[in-house]
Structure formats: structure tokens, C-alpha cells
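Novice: quick one: sequence plus predicted model below, questions after.
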Amino acid sequence: MADSMVVQMVVNGIRVEKHVEPRMHLVDFLRDTLEIKTVRVSCEHGFCGACTLRVDGDIVRGCLMLAVQAQDCEVETVDGASDRGDLLDLQEAFYKRNAAQCGFCTPGMLLTASALLRERPNATREQVREYISGNYCRCTGYHSIVDAVCEVLEVRRLAGVSQ
Amino acid sequence: MELIGEQLIRAPRQRVWDALNDPKILGRCIPGCEEVQKISEIELHTRVMLKVGPVRARFSGKILMLDIEAPSTCTLSFEGAGGAAGFAKGRANVSLVDDGVGTRLSYSTQASVGGKLGQIGGRLIDSSAKKMADEFFVAFESVLSGKPEPAPEPRPVTPVGVFPAAPDASATGTPVVSNAPGSPSQVTSPRTSPFNGVGFQYELYRACWFALGVASTLLVSRWLP
Amino acid sequence: MKAPPFEYIKPGSLDEVFSLLDRYGDDARILAGGQTLMATLNMRLSEPQLLIDIGSIEGLRGISLLDGCVSIGAMTRHSEIEDSAVIAEYLPLLSMAAPHVAHRAIRNRGTLGGSLAFSDPAAEWPACTVALDATIVLVGKGGERRVKAGDFFLDLYTTAMQPDEIIKACEFPLPASSSRSAFLELARRHGDYAIVGLAATGRLQGGVLTDLHLVFLGTANTPVRARAAEARIEGNVLDSTVLDSAKSALTTELLPAADLYNGAQTKLHLAGVLMGRALKQLLV
């Protein structure tokens, strides 16, 4: 076994310091060591997007990042983003459009959608579909999720125009 | 996966046939070959380190020669297990025909690759197989024509480790060949860490810690009132 | 699955990296963005002893406009290239290709250097470097050396890199004002490995294209420059005869292998389709 290392980072606004094996993924660190269960472990090779997290403000695949690589980083899970009120309109739209069924993909889906809102405020429906194509959902068939994201984009655009 | 090809080898047919039946020569030509063991006239056991891109998977394999018509044709039946990476099996029909001063070697291979390599690497299996076949023939040609082969890169290895290290022929670059049906002779080379993947040494390490844990628990429980 | 146990080190200097590579040889792997390496380890397709994280090394990141070229550091993330105004202005081919590299979350970590060193047959950046006549800057114990992109990608996952070298940067010559670019890729779903893709550049002068670079990805073990097709088009007005002639030239130099999803004929046909579309874009 490789010697464990000490890693420090800020998770959802709280500074943490723990011992980890170098091989421990960021998702496993958050889920198992820090007991943040909204973090999902799924395909473990970057395809499904369920493990999507925010590190230093950008979405990343938590399964393709080692905990030790997050040294001195600001990590945010869906809980942290939600608690800050960062996902409010998305959450309301998801609820309204029934865009979450089992909820497994939802944390990753919300963080990805949130990044889209920031980077592509004028995205078309087709562009939304392309952007979230890295997040798999086995329940909803995607339409309701795309509807929810498009609704938020529309509302924001209108609000922007009226200001 | 299907791989069909032919190669002109600048050597007489009998020599080519003999070389294909010589485990020492095969060991030098199969890319990544670490060990070749001749079990009988028709059976070989090999250990090959597959290196394609980032993949490093050790396969232990068996090659059986069937339908032998020396020195013209034979069928090779092969299977290999690569641990977590997957497994492979298949058949190759090989035929040798005189061609001027040399020999035309034709091969037709059908193989299937299963496990992780088959799943993830599906789109690359054909091109990897072709690449390895090309490398094999380049080496085979140079061995038969007596050209000096490129020397393997010597790697200085820092010795250490509490436990004896797993044998690693790749550190010296030459595969180990043995004829004994029992445990093959092995090249032992120290490595910088004893725990390269799982293995007997790793299990022993865990077993020791477990024993220590049991012993300390018993000791502590004796001391409790 | 979980990655096998390994040691991890994050050296602060290139000298340290080279001495570690010297000591560990093939048992050490360079960790840049990790988007390919971690997936490989997670699937237990490799069990290295040591990961050398080069994320802290000075001088490997950033996009700089130098005299006559744009230099992109090896550790520059795909998303940084995607979002860069400098790239959009001087190297629009890269801006067009960037959104095709996997998905945004992966682009936020994956690096240009990693993609070039890995040299996947279906990768976007290798084809782009060949189309733009870029130069890859390598650095090893013995110092720096430069290799032209056209000479860098040798075979399946095999580049001109020596085992004790890493990529430092990639230098792209500034294109002329008459330059045009187009990047097209076909995949079953967005973000999948390309079935076939095309990085195309050329100069538009007097309604005809010259200095064409048509570089296909996904059709062979390395990016393939379709010189015969280029020759049929250069200097000619693009009509259906010229295009058909170029497509038939393509069949002589592109020899795609069939895979699980598409036959060789399909890929060849799709390559021709992409070429037609790209040329139309170049002429705009």
C-alpha cells in the first residue's frame, strides 16, 4: 500500500484536512470520507457525468480526479451550490417540469446545467441538448430536463431584456 | 477480430518453419514477451506484457499447434488471460510457400478479446493487433537474417523492498525461456516498491498485519478487567 | 472500479521530473489532466508504481502571442483554448474543434499536451496541429527539441517522444490574412469518439483555394493528410467535377479500417461528405 498523504481543501465552504491514499478519487473522498452522499459514483471512467462536481468554480469529473489533486482547491457539491442559492431557478424548473425521478443523475445534471447558464446564456434547445449530453439519465428520457433548462434560459433572457 | 496478411521472409522455408517452432526465437519476436516455456512438442506457455498506449497488461497464455504439416502449414490455437484487463482467444492458420530465395508466410487469424479490453478497446483491437503483427515480423525477419536487433534500453533499478520482489524479466529486456514443465526459471530483479499490483507478497503483507491485529486484540483483551 | 495503489508526487521542477523518469522508467506515468490516465487506471488497464503530477511545473501553461506564432503550453486545459479570444482571432480552427473534445467537464481538466502525447486516432488536436503546420516543443534531460506536427504522430499511440521527455508547448505559426479554416466531426452522439473528422485549412485568393491542408482523424492510426485530394482542388474553381475528382483521390489515400459500428466503405463515404462540407466553408 502506498503511504497515505494529508490533503487539505475547502469543501462547501468548510476547510477540511484528512489522510488519504493517493489513489482515492475525489468522489470517494467526498462521499466516503466526508460522508457527502449527494456525490455519485457511477461509471468511474468519465462517461456518465453522475460524478460531476465543481472545483474552483468549474465543473469536473470527480471520478477522474484524485483527492490529492484537489489540494488547496475550493470544491463544491450540489449541496453547497444549493445552500448558497446558486441553483434556485434551476431547482424550481426541475421540480415544475418533473425533471428528476430517481434523482441519481440530478446533482451532476444541476451542476452541468448551471455551468451552461453561465457560459451559454443564449443557448438554443439543440445546444442545451449538446451541452448536457455528457450527463446520462436513465429515468426521464431527457426531455423534461431539457425543458427545465430551456425555461430557465428563457426566463433569464426575458429578465435581462426587461432590465 | 480478423487479421489476414502475408510476409515475404528472406530465408529458406525449412529455416522459417524451424524458427516458428523455436521458443527462443518466438520469445525474441513476440512484442512484450517476457517468458516462453515449451511444455511439449505442440504446446507453449508464454507471458506477454501488452503495451498499447497507456495500457500495460500482463497476459499469461497458451499456444497449441494443431494440424501440423511440416514444413508448410499449421494451425495455432491460442488463449490468454490478462487479469482485470481481460482475456483473448483465437486461432491462426499459418502457411509457408517457397518464393524465390525466400518464403512467403501467409496468416489468417480470428480472435476474440473479452473483458475490459474488449469493451473499452473494441475500436482499437484490429489496429493494435495489426501493429503487433507488424512488430513481430520485423523482429522475425531481423532474427532470421542475422541482423543485430536493437538493444533493449537498460534501466537502472534502485534495489530495495522488505519483501522479495516479483520476478520481472522486462527489466532486463530479454525474455526467459525454459523447458521445464515445473516452475520456470525466473529472473529476479529488485524493484523500487514491493507492491506492484496484487500478488503473493501483497497478500503476505496483509496477512501479517491481520495477524498483528489479532495478536494485539488478544493481548489487550487479556488486560481488560 | 477503483484505481490500483500507486505513489503520487508533485515535483516543483522539470529536473525532478526527469530524474524520477530516469529512476522509475515505464513504471512511472506523467499525470497532466488525468482524463485519459485516470480512466485507464480506474479500469485497471495499467498499474504504474508512481504518478508524477506536472501541474505545479512553471512554464507549461498559458496561451501567448509570440513573434510570428501562438504558443500554447502543454498544461493548458482544453476549455482555456475553447474560451480564448486570442485563439478565436488567430487560430479559429482550434476554436471550432474545441467543443468537439468530449464534454465541458472533461475539457476543464484535460490538457493539450496530454492529448498530443496520447495521440488517439480519433482525437481532435493532433489533426489540428498537422493542419496548422504546428511545431511541438519537447523537453528532456538533454534540453529542448522541436518536432513538426507532420513528423510527430508515428503510429497507434506512438509519437516521436522519447520515454524521458515531456511536451512543453505547441507553437502555431500565425496564419495569413487570406487563411480560412473549417473543422467538422461526425459522431453518433456529441462527445463520442469521432467516426471520422476533418481539420481543414487553406488560403482563399481570387475565389480559389491554395495551400490546402485536409487532415482527417478517425480514419487511420494517426491523422492523415489527404494530399492527393488537396492537389485536385488547389487552384481550381470548386465545381462538382473537381469535388468528385477529389473524392475519388480520397479513396486512394484514406484506408479506414472497419470497426464495431461502421464499415470501411461507410467511413470513406463520410470522409468525402465532410470534405465537401469543409470546402464549402473554406470558400465563404
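Specialist: Cool, the structure landed. Numbering: from 1, shown residues only, chains lettered A, B, ... in the order given.
Novice: and the helices in the stretch 151-284 of chain C, which stretches?
Specialist: C:227-233, C:240-253, C:264-282 (DSSP state H, counting those that start in this stretch).
Novice: between these, which one is nearest to chain B?
Specialist: Nearest to chain B, of all the helices of the stretch 151-284 of chain C, is helix C:264-282, at 10.7 Å by CB to the nearest CB. Where C-beta positions appear, they are placed from N, C-alpha and C, glycine not excepted.
Novice: wait, which of the helices of the stretch 151-284 of chain C is closest to residue C:186?
Specialist: Distance to residue C:186, taken as CB to CB, is lowest for helix C:264-282 among the helices of the stretch 151-284 of chain C, at 5.6 Å.
Novice: quick one on the thing from earlier: mean neighbour count for the helices of the stretch 151-284 of chain C - can I get that in a markdown table?
Specialist: Shown next, in a markdown table, are the helices of the stretch 151-284 of chain C (neighbours: other CB atoms under 10 Å in any protein chain shown):
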| stretch | mean neighbour count |
| --- | --- |
| helix C:227-233 | 20 |
| helix C:240-253 | 16 |
| helix C:264-282 | 18 |
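Novice: ok, and what's touching stretch B:88-97?
Specialist: Applying CB atoms under 8 Å, 6 or more residues apart in numbering or on different chains, the contact partners of stretch B:88-97 are B:1, B:13, B:16-17, B:20, B:59, B:61, B:71-80, B:82, B:103-114, B:117.
Novice: so which bits of that stretch are buried?
Specialist: Buried positions in stretch B:88-97, judged by neighbour count with 16 or more other CB atoms under 10 Å in any protein chain shown: B:88-90, B:92-94, B:96.
Novice: from those residues, pick the one nearest residue C:56.
Specialist: The closest of the buried residues of stretch B:88-97, once distances to residue C:56 are taken by CB to CB, is residue B:88, at 40.1 Å.
Novice: downstream of the strand or helix carrying the closest one, the next helix or strand is which one?
Specialist: If you go by DSSP states H and E, residue B:88 is part of strand B:87-99. Later in the chain than strand B:87-99, the nearest helix or strand by DSSP H and E is strand B:102-114.
Novice: strand partners (parallel or antiparallel) of that following strand?
Specialist: Sheet pairing of strand B:102-114 (DSSP bridges) gives strand B:2-9 (antiparallel), strand B:87-99 (antiparallel).
Novice: roughly how far does residue B:133 sit from residue C:45?
Specialist: The gap separating residue B:133 from residue C:45 is 21 Å, by CB to CB, to the nearest Å.
Novice: who's more crowded, those two?
Specialist: Between residue B:133 and residue C:45, residue C:45 has the larger neighbour count (other CB atoms under 10 Å in any protein chain shown), namely 25 against 17.
Novice: give me every residue that touches that one.
Specialist: With contacts defined as CB under 8 Å, 6+ apart, residue C:45 is in contact with B:54-57, B:84-85, B:116-117, B:120.
Novice: let's go with 6 Å and repeat that
Specialist: Counting by CB atoms under 6 Å, 6 or more residues apart in numbering or on different chains, residue C:45 makes contact with B:55, B:85.
Novice: near chain C, which residues of chain A are found?
Specialist: Residues of chain A found near chain C (CB under 6 Å from any CB of the partner chain) are A:1-2, A:22-23, A:44-46, A:52, A:58-61, A:64, A:68, A:130, A:133-134.
Novice: torsion angles phi and psi at the residue of chain A found nearest chain C?
Specialist: In chain A, the residue that lies nearest chain C is residue A:134 (2.9 Å; CB to the nearest CB). For residue A:134, the backbone dihedrals (degrees, to the nearest 10) come out as phi -90, psi 10.
Novice: break the chain down into its domains, please.
Specialist: Since you didn't name a chain, this refers to chain A. Taking automatic domain parsing as the reference, chain A has its domains at A:5-81, A:87-162.
Novice: other chain: chain B
Specialist: Domain ranges of chain B: B:2-178, B:198-225, per automatic domain parsing.
Novice: any idea which of these gets closest to residue C:98?
Specialist: Closest approach to residue C:98 among these is made by domain B:2-178 (22.5 Å; CB to CB).
Novice: quick one: average pLDDT of the closest one?
Specialist: Regarding domain B:2-178, the rounded mean pLDDT is 81.
Novice: can you list the strands that the longest strand belonging to chain B pairs with?
Specialist: For chain B, the longest strand by residue count, based on DSSP state E, is strand B:55-69. With DSSP bridges as the test, strand B:55-69 is paired with strand B:43-52 (antiparallel), strand B:73-81 (antiparallel).
Novice: per-residue confidence at the closest residue to residue A:120 other than its chain neighbours?
Specialist: Once flanking residues are discounted, residue A:120 sits nearest to residue A:127: 6.1 Å by CB to CB, 6 or more residues apart in numbering or on different chains. pLDDT recorded at residue A:127 is 96.
Novice: tell me the secondary structure of residue A:127, please.
Specialist: Secondary structure, DSSP: H, G, I helix; E, B strand; the rest coil: residue A:127 is helix.
Novice: if we can go back for a sec, and the strands paired with strand B:55-69 as CSV, adding distance to residue C:278 and mean neighbour count?
Specialist: Formatted as CSV, these follow (distance: least, CB to CB, whole Å; neighbours: other CB atoms under 10 Å in any protein chain shown):
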stretch, distance to residue C:278, mean neighbour count
strand B:43-52, 31, 20
strand B:73-81, 43, 17
